[in-house]
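# Mind folding the following:
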Amino acid sequence: MSAVAEFMSTKMQKPDPRGSDLPTCPVCADSMIAAEASAYLADNAISYLWTCDTCGYGFVTKHSVHKRFACSALSS
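As a prediction, the model looks like this:
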């Protein structure tokens, strides 16, 4: 008896910007979904605290922000 398998492409046409740069744990290689905490720094950067749910290893990443974020008031 022969088997037939279909291979689906894992490359997305337009990747989700939030999901495209998620890290994996450098100790156990488990996927990490969400940062435990984040902080906006004065030098136009955001730092994220990551803690692996599998092995407990923690690390921080820092990402530059090219333009400042601003909240806009909703008009009635």
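# Any regions of the chain where pLDDT drops low?
1-21, 67-76 (pLDDT under 70).
# mind listing the strands for it?
For the chain, strands defined by DSSP state E occupy the ranges 37-41, 45-51, 58-64.
# Now stretch 42-54: buried residues?
Neighbour counts over stretch 42-54 (16 or more other C-beta atoms under 10 Å) mark Tyr48, Trp50, Cys52 as buried. (Glycine included, C-beta is placed from N, CA and C.)
# Could I get the strands of the chain in a markdown table, plus columns for distance to Ala29?
A markdown table is the format used below for those (distance: least, C-beta to C-beta, whole Å):
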| stretch | distance to Ala29 |
| --- | --- |
| strand 37-41 | 22 |
| strand 45-51 | 13 |
| strand 58-64 | 14 |
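# And those: which comes nearest Pro26?
Among the strands of the chain, strand 58-64 comes nearest to Pro26, with 7.1 Å by C-beta to C-beta.
# Residues contacting that closest one, please?
The contact list for strand 58-64 (C-beta atoms under 8 Å, 6 or more residues apart in numbering) reads 23, 26, 35-36, 41, 44-52.
# out of those residues, what pair is the most spread apart?
Of all pairs in the contacts of strand 58-64, the most separated under C-beta to C-beta is Asn44 and Cys52 at 28.0 Å.
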